[in-house]
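Visitor: model this:
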Amino acid sequence: MQCGAVATLLGLSLMPADWIFGQGLAVLFVLLCLLNVFSSTQDVATDGLAVSLLSEKLRGLGNTVQVAGYKIGLMLGGSGLLIMMNSIGWSLTIQLVAVTLILMLIPTLFFKENSVLNREERISGRSSGETDSYFFWDYFKIKHIAYWLLVLFTYKLADGMSSTLVKSMLIDQGMDLARVGEITLFSSIAGLLGAVLVGVIYRYFKPLQLLFGFAVLQIGSISAYALIPGLQVTNHSDVFWMYWIVTQDQLVDTMSTVVLFAIMMGHCRKTHEGGDYTLQACVQVLSAGIAGALGGMIADVLNNYVWSFLFAASLGVLALISLGVYFSKPKSSGLMTAAN
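Guide: Predicted coordinates:
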C-alpha cells in the first residue's frame, strides 16, 4: 500500500501545477482518492499489527508514537509543504514527499511478523465457530459493546465542535494570519509534549480513570475559550492569555486522544484487530464530523463566541454520562483486554 501511495505521488509530481489545479482538477480528485485508499488500507493493517504486538501497559507509549506522528505530519504537511513549494516548486516538493514515504518503509524490512504471532496462536485465540472472514456487524453483537461505542461517539463531541471555531474567533479578535499560525504551531508543539507525557504516565493509572479525568479537563479547557472575546490583541498580557488558553486546550486534547486510542486497542477481538480498531475509529471520526458541522450551525444561530464555546463545553457532560453508564456495566467478553 505504501508503494502504491509512492507511485501515486510520483505520478502527481509529473503533472504541471497550473494544469492540475485548472483543467486537470478531475485528475487531481481521482489521484487524491487513490492516495487515500492506499493510505487508509495501510492504516488498517498498521493498527491491527500494533494491537497484536502491544501489551496493555505499552499501549499508551504506542499511541504516543501514533499521535505524535500525526501532529508532526500536520505541521510538516501544512506550513512545511507550503514553504517548500515556494522555495523549490511543486514537482520537487511532491517527489520529496514520495522519497520520505520510501524511507519510512525501511524499518519494515527488518520486522518479522510471523515470529511474533503465528497462525496457531491466532487460532487458539478465536472463539468457537469463528472464521477468518471479517464482518463489521459481528462487532455490534458483542455483549455490552454498545455502551463503549456510545463513549466513543460522545467523548470528542465537545472538542470537535470547539475546534471549528477557534481560528475564526482569533481572526475576529483582530489577530493577523501570521500570529494565528504562530499560536497554532506553539500549541501543536505543546501537544507533542503532552503526548509523550501521557504515554509515560499511562502505565501507572487505570485507563478508564485517565479517560474520565481527561473528560473533565476537556470541559474546563474548552470553557476557557469563552474568555478570549473579552481580551484585546493590542494588550501584551491579553495576548499571553490567548496563547495559554489555546495551548492548554491542545495539551488536554492530545493527551485525551492518546488515552482514548489506547483503550480502543483493548476493545478489539483477537484475529480481528485491524477491522475492529478501524470500526471504532470510524465511529469517533463520524462523531467529530457531526460536531464540526454542528459547531458552525450553532455559531451562526447564537452569533456569540462566548455562548458557542460554553455550549460546546456542555457537550462534554455527555461523555461523562456515557462513561458513567459504561462503568456500571459488566465488561465485554471476547476482547483483547477489559479496561478498568
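Visitor: tell me which helix or strand comes right after the least confident helix or strand in the chain by mean pLDDT.
Guide: The helix or strand of the chain with the poorest confidence is helix 119-124; it has a mean of 48 (mean pLDDT, DSSP states H and E). Scanning forward in sequence from helix 119-124 by DSSP states H and E, the next helix or strand is helix 136-139.
Visitor: in space, what's closest to residue 147 - neighbours in sequence excluded?
Guide: The shortest distance from residue 147 to any non-neighbouring residue, by C-beta to C-beta, 6 or more residues apart in numbering, is to residue 326 (4.6 Å). Placement of C-beta: from N, CA and C, glycine included.
Visitor: check the gap between that neighbour and residue 146 for me.
Guide: Distance, residue 326 to residue 146, using C-beta to C-beta, to the nearest Å: 10 Å.
Visitor: likewise residue 308?
Guide: Taken as C-beta to C-beta, the span from residue 308 to residue 146 is 31 Å.
Visitor: neighbour count winner among the two?
Guide: Taking other C-beta atoms under 10 Å, residue 308 and residue 146 do not tie; residue 308 has more neighbours (25 against 13).
Visitor: quick one: that one and residue 300 touch, right?
Guide: No: judged on C-beta atoms under 8 Å, residue 308 makes no contact with residue 300 at a distance of 9.4 Å.
Visitor: what stretches of the stretch 201-340 of the chain score poorly on pLDDT?
Guide: 331-340 (pLDDT under 70).
Visitor: quick one, helices of it?
Guide: Assigned helices in the stretch 201-340 of the chain, in chain order: 207-223, 236-266, 273-302, 305-314, 316-328 (criterion: DSSP state H, counting those that start in this stretch).
Visitor: nearest to residue 198, out of these?
Guide: Closest approach to residue 198 among the helices of the stretch 201-340 of the chain (C-beta to C-beta): helix 236-266, 4.1 Å.
Visitor: now the closest one, how far from the centre of its chain.
Guide: Chain-centre distance of helix 236-266: 12 Å, with C-alpha atoms, centre = their mean, to the nearest Å.
Visitor: one more: stretch 172-182?
Guide: Chain-centre distance of stretch 172-182: 25 Å, with C-alpha atoms, centre = their mean.
Visitor: ditto for stretch 94-113
Guide: Counting by C-alpha atoms, centre = their mean, stretch 94-113 comes out at 22 Å from the chain centroid.
Visitor: any buried residues in that stretch, and which?
Guide: For stretch 94-113, a neighbour-count test (16 or more other C-beta atoms under 10 Å) marks 94-95, 97-98 as buried.
Visitor: identify the residues contacting the stretch of helix or strand residue 87 belongs to?
Guide: Assigned by DSSP H and E, residue 87 belongs to helix 81-88. For helix 81-88, the surrounding residues in contact (C-beta atoms under 8 Å, 6 or more residues apart in numbering) are 93, 96-97.
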